[in-house]
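Engineer: Sequence first, predicted coordinates after that:
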Amino acid sequence: MHRHLRIALAAWLLAAPAHADEPSRDADLADEEQLDESTDAPPPPDELPAVDSPLTFRQFVDPARRSAGSIALGNTSRGGLIDPAMVPDAGEFHYILPAHLGRPTHYGTDELVELMLTTGEQVAAAFPASRLAIGNLSVFDGGRISWSRSHNSGRDVDLGFFLRDKEGADLPLETLVHIRRSGAVAEIPGATFDTERNWATVKALLTSETAKVQWIFVYAPLERMLLAHAAKLGEPQPLIDKAATIMHQPGDSAPHDDHFHVRIFCTLDDRLEGCRNTGPRRDGVPSFDREVAARALELLRGTASSDADVALQSARVLRRLQPESLDGQLLAMVPHANASARGELLELADELGVRRGVAPLVALAASDADPLVRMRAFRLVIASSEEVATQATRAMLLEPGPPLADQTPIRLAIARAKKGSVDGALMPGYIASLGDTDAQVRREAGRRISHITARPHPLDPVNATSAAQREQLVAHWKQWWRDHQNEDLATRVAAAFREANLRVKTKKGDWDRKALAEACKSRIEGLSFAASAQLATLTGKAGPAVDATPEQRYNHWRPLVRTSRKRR
């Protein structure tokens with residue numbers, strides 16, 4: 001076994017306090033703790049690969065460094081904006097909606113503002129005297145605005161529609177107005193959606209060289225009008241196809257029947273500063289993956305700097321970058337990073353959903369001097385399904401160390417994190433947890449045992465308040481597990497239903513869905529849980545919450561079972 005892992009688990013066991021009033025572990029539980037000798041933990045990153053980065057990490061985190069223009073940070077719903085450009089209140093080819101003039105929302109990236117100005121100019125070239133109506137962009141520093149969930153990073157803008165009055169003349173806007181399915185304006189009798197100029201707006205946005213448009217959110221009936229008009233004009237089919245892809249009525253917000261909501265992609269400069277695209281990529285729009293990977297590796301190198309501030313800033317900027325290209329290098333670097341940077345690296349790993357390569361974190365989870373670092377490492381370890389993580393988690397259950405930084409006991413944190421899991425690998429640890437003096441620990445460990453075994457407890461773990469009662473519980477389950485640990489889950493569950501005289505299969509041996517729904521009402525938690533889990537498998541439907549009561553499980557499945565029976 002890798003020396004790194006041996007040292008990590010030794011550190012955990014040395015850090016664990018003795019529990020004098022808990023039953024001692026006998027040989028059968030101790031044997032369960034032994035680690036697989038074939039575990040191949042990754043070696044420490046003695047040397048990160050060389051990268052072609054225009055800036056060293058020290059240059060990149062230098063507070064005196066300034067960008068050449070605006071910077072969009074984060075994504076459009078959680079982001080910021082640095083050194084923005086501002087849309088003038090009025091110009092030859094545009095105007096800020098009068099109802100929006102008092103809002104501080106006229107700031108965007110250089111590219112977005114330039115896109116607005118050139119779009120207005122192009123529409124006016126085709127339709128003289130036209131002026132583009134502009135609503136919200138972002139506030140000066142980015143972040144939340146009162147009128148939208150997005151518009152956080154200077155890459156979103158709302159555009160009012162071009163309208164015609166009942167005589168066909170251009171109708172300037174005071175504020176945004178709603179368009180009906182027919183194209184009529186809801187608030188202005190006789191006014192209509194100007195399909196010609198609105199298509200010219202969309203065309204200018206999609207053909208711009210200034211910025212790459214990711215989305216134009218708009219009401220679906222208006223989208224259809226615009227596409228039909230483009231086809232009638234004989235526009236190139238690739239342009240029509242592109243418009244059909246980028247125009248979209250969102251399903252999680254207002255229908256956008258009163259404005260175009262335009263969103264642009266991050267530029268390379270912005271992406272390298274921490275701007276993040278969400279949603280689909282588009283043909284012809286570069287991902288900048290290679291450039292981001294190079295910068296991420298250089299910043300990762302910076303986290304090992306002996307200068308605590310440089311290391312911390314490198315980690316913070318790396319976290320802002322949210323790179324998806326570090327693979328195992330991110331977690332492998334954590335133990336070697338400056339102590340000031342470890343917490344940020346672990347937060348980044350959690351945000352990226354990293355769940356593999358956790359072996360280097362086991363020692364940190366056991367004994368890091370920083371309680372927050374220890375807690376973050378612990379949570380990543382127990383969230384992993386790797387064998388090394390399972391072994392470390394089992395060791396933590398058998399010999400728990402001090403509580404986490406938020407004062408949650410180790411055993412309780414593990415049992416809660418493993419809700420819904422029926423992996424028997426942790427059974428010895430859960431059995432040991434029944435001897436814990438903390439009733440919450442016993443309750444959660446008892447539920448995990450119920451779900452793994454589908455059997456009742458000889459006495460309620462919560463009410464096992466005396467040492468003798470806890471010893472009885474532990475002894476019962478030790479013996480049960482010795483007798484049944486080699487059975488697979490399906491065998492254990494089937495036997496449990498038989499023992500409880502619950503007939504959940506037909507004479508032909510098929511699962512009886514109605515009987516399973518009835519079994520959900522069982523007062524034996526493990527049987528109720530098993531019946532609900534089996535129904536989820538049979539129906540392909542999501543079950544109720546893991547901690548649902550038997551009545552809640554029954555009420556969840558009963559109507560679904562009735563529906564499925566009618567369909568058959």
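Structural biologist: Good, I have the coordinates.

Engineer: In the stretch 101-250 of the chain, what residue spans correspond to helices?
Structural biologist: 110-126, 195-206, 220-233, 237-246 (DSSP state H, counting those that start in this stretch).

Engineer: Those helices: which one's closest to Phe265?
Structural biologist: Closest approach to Phe265 among these is made by helix 110-126 (9.2 Å; Cβ to Cβ). All C-beta atoms are positioned from the backbone trio N, CA, C, and that covers glycine.

Engineer: Residue ranges in the protein under the pLDDT threshold?
Structural biologist: 1-54, 562-568 (pLDDT under 70).

Engineer: coming back round to it: quick one: which of the helices of the stretch 101-250 of the chain is nearest Ala530?
Structural biologist: helix 220-233 (45.1 Å).

Engineer: That closest one: how far from the chain's middle?
Structural biologist: 36 Å (Cα atoms, centre = their mean, to the nearest Å).

Engineer: and what of stretch 466-479?
Structural biologist: The answer for stretch 466-479 is 41 Å, by Cα atoms, centre = their mean.

Engineer: sorry, back to before: out of the helices of the stretch 101-250 of the chain, nearest to Arg553?
Structural biologist: Arg553 lies closest to helix 220-233 among the helices of the stretch 101-250 of the chain, at 39.3 Å (Cβ to Cβ).

Engineer: any idea of the angle the closest one forms with helix 195-206?
Structural biologist: Inter-element angle recorded for helix 220-233 and helix 195-206: 90 degrees (by axes from the mean of the first three to the mean of the last three Cα atoms, to 10 degrees).

Engineer: can you give me the strands for this protein?
Structural biologist: Per DSSP state E, the chain carries strands over the ranges 71-74, 79-82, 85-86, 90-91, 94-96, 107-108, 132-134, 156-159, 163-164, 192-193, 213-217, 247-248, 260-264.

Engineer: With distance to Leu364 and mean neighbour count added, can I get the helices of the stretch 101-250 of the chain in JSON lines?
Structural biologist: Formatted as JSON lines, the helices of the stretch 101-250 of the chain follow (distance: least, Cβ to Cβ, whole Å; neighbours: other Cβ atoms under 10 Å):
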{"stretch": "helix 110-126", "distance to Leu364": "42", "mean neighbour count": "20"}
{"stretch": "helix 195-206", "distance to Leu364": "49", "mean neighbour count": "21"}
{"stretch": "helix 220-233", "distance to Leu364": "51", "mean neighbour count": "16"}
{"stretch": "helix 237-246", "distance to Leu364": "45", "mean neighbour count": "15"}
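
Engineer: Identify whichever of those helices lies nearest to Thr56.
Structural biologist: Closest among the helices of the stretch 101-250 of the chain, using Cβ to Cβ: helix 110-126, at 26.1 Å.

Engineer: Just want the angle from that closest one to strand 213-217.
Structural biologist: Using the same axes, to 10 degrees: helix 110-126 against strand 213-217 is 60 degrees.

Engineer: I'd like to know which of the helices of the stretch 101-250 of the chain lies nearest to Val317.
Structural biologist: That would be helix 110-126 among the helices of the stretch 101-250 of the chain, by Cβ to Cβ, at 21.2 Å.

Engineer: Name the residues that touch that closest one?
Structural biologist: 69-70, 85-87, 91-94, 108, 130-132, 134, 137, 154-157, 159, 162, 197, 200-201, 204-205, 208, 210-211, 262, 264, 267 (Cβ atoms under 8 Å, 6 or more residues apart in numbering).

Engineer: same check, this time on stretch 441-450
Structural biologist: 409, 411-412, 415-416, 418-419, 421, 426-427, 430-431, 433-434, 436, 456-457, 460-462, 464, 470, 477, 524-526, 529, 547.

Engineer: got a list of what the closest residue to Leu538 other than its chain neighbours touches?
Structural biologist: For Leu538, ignoring the flanking residues on the chain, the nearest one in space by Cβ to Cβ, 6 or more residues apart in numbering is Trp511 at 5.8 Å. Residues near Trp511 by Cβ under 8 Å, 6+ apart: 504-505, 534, 538.

Engineer: Domain parsing of the protein, as residue ranges.
Structural biologist: For the chain, the structural domains run 75-273, 501-568, going by automatic domain parsing.

Engineer: ends of stretch 271-284, how far apart?
Structural biologist: 17 Å (Cα to Cα, to the nearest Å).

Engineer: Tell me which residues touch Ala368, please.
Structural biologist: Heads up, residue 368 is Asp, not Ala. Taking Cβ under 8 Å, 6+ apart, one finds 342, 374, 377 in contact with Asp368.

Engineer: Go through the helices of the stretch 101-250 of the chain and name the closest to Ala517.
Structural biologist: When those are compared by Cβ to Cβ, helix 220-233 sits nearest Ala517, at 39.9 Å.

Engineer: which residues sit against stretch 550-558?
Structural biologist: 516-518, 520-523, 525, 528-529, 531-532, 535, 543-545, 548.

Engineer: if we can go back for a sec, output the contacts of Asp368 as a markdown table; include the columns distance to Ala490 and neighbour count.
Structural biologist: Listed next are the contacts of Asp368 as a markdown table, based on distance: Cβ to Cβ, whole Å; neighbours: other Cβ atoms under 10 Å:
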| residue | distance to Ala490 | neighbour count |
| --- | --- | --- |
| Arg342 | 43 | 27 |
| Arg374 | 38 | 25 |
| Ala377 | 35 | 28 |
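
Engineer: so how far is Gly420 from the residue nearest to Leu538?
Structural biologist: Trp511 sits 20 Å away from Gly420, going by Cβ to Cβ, to the nearest Å.

Engineer: and if you look at Arg482?
Structural biologist: Distance from Arg482 to Gly420, counting by Cβ to Cβ: 25 Å.
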